[in-house]
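*Asks:* Below is the sequence, then the predicted model.
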Amino acid sequence: MPSGPSKMHNTSAQWRDTPLHRLMLATLIEKLENRLLANPSATRVLEQWINTYNLAPDSNLHAHRQTESSAPCPPFLLQTLLDASDTQTEDVHYRKVQLTAHGKVFSEAENWYIPARLSPEMATQLNATDKPFGLVVAALNFSRQLIKRESLWFPLSEHWEQNGIPAGSDQPISLPPYLFRHMAVLHTQAGQAFCVVIETYTTETLRFPPPALPA
């Protein structure tokens with residue numbers, strides 16, 4: 001039996017500039033963020049999201065490495081990765097990828113990690129393959145701690161609950177490229193930081209039709 005949105009979505013519909021659709025989009029954004037915050041692997045969360053909302057025929061994410069020069073790690077994240085006891089002589093490697101499925105980019109991730117704190121096989125895979133970071137290091141059973149978040153777009157205006165929601169134009173909403181950004185640190189089971197990451201999530205995560213309303 002079919003399951004998920006395919007049963008209830010009108011595939012010709014679009015998100016529109018109405019109070020109801022804006023509230024639905026706001027709820028979906030918060031739902032995705034909550035799932036990301038509750039799970040150490042952003043890759044797994046995105047794959048489940050893509051499958052739930054039928055966003056691609058194949059929900060397996062592929063990491064397309066970007067080949068531009070290494071970017072410096074923001075100081076506050078580097079300080080988190082290299083704690084006060086470190087001599088800061090350990091090599092910190094940089095990896096930037098786009099996580100895609102069926103040609104759609106669902107997130108962009110920048111990782112700064114210490115290969116010496118990984119297994120040699122993991123370090124080799126990160127350096128030589130396009131496999132998503134979270135899948136490569138999954139055997140570490142790592143934990144994830146959010147350091148900072150940034151909202152890049154939200155469908156409701158600030159203080160909407162006090163000022164109300166405008167009626168809107170009822171025209172299709174033109175979604176911007178990005179929704180929000182998370183900055184986090186990954187720890188081994190022993191509590192040692194081995195990676196800091198900046199992940200930016202795109203509006204491809206919302207590109208499915210709104211639910212049909214009762215007649």
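*Replies:* Happy to help now that I have it.

*Asks:* so what does the strand or helix carrying residue 201 touch, helix or strand wise?
*Replies:* Following DSSP states H and E, one finds residue 201 within strand 193-202. Strand 193-202 makes packing contacts with helix 75-81, strand 104-113, strand 178-187 when contacts are defined by 3 or more C-beta pairs under 8 Å, 6 or more residues apart in numbering; DSSP states H and E. C-betas here are computed from N, CA, C, even on glycine.

*Asks:* Nearest to residue 28, out of these?
*Replies:* strand 178-187 (9.6 Å; C-beta to C-beta).

*Asks:* The closest one - contacts with which helices or strands?
*Replies:* Looks like strand 178-187 contacts helix 19-38, helix 75-81, strand 143-151, strand 193-202 (3+ C-beta pairs under 8 Å, 6+ apart).

*Asks:* and those, which is most packed in?
*Replies:* Comparing these by mean neighbour count (mean count of other C-beta atoms under 10 Å), strand 193-202 ranks first with a mean of 22.

*Asks:* From the rest of the structure, what touches that one?
*Replies:* Strand 193-202 has contacts (C-beta atoms under 8 Å, 6 or more residues apart in numbering) with 32, 36, 42, 73-74, 77-78, 80-81, 83, 105-114, 117-118, 133, 137, 140, 142, 147, 152, 177-188.

*Asks:* From those, list the buried ones, please.
*Replies:* 32, 36, 42, 73-74, 77, 80-81, 106-114, 117-118, 133, 137, 140, 142, 178-188 (16 or more other C-beta atoms under 10 Å).

*Asks:* next one: phi and psi at the closest residue to residue 168 other than its chain neighbours?
*Replies:* Once flanking residues are discounted, residue 168 sits nearest to residue 17: 3.9 Å by C-beta to C-beta, 6 or more residues apart in numbering. Main-chain dihedrals, residue 17, degrees, to the nearest 10: phi -80, psi 80.

*Asks:* who's in contact with residue 17?
*Replies:* Counted by C-beta under 8 Å, 6+ apart, residue 17 has contacts 168, 169, 170, 171, 172, 173.
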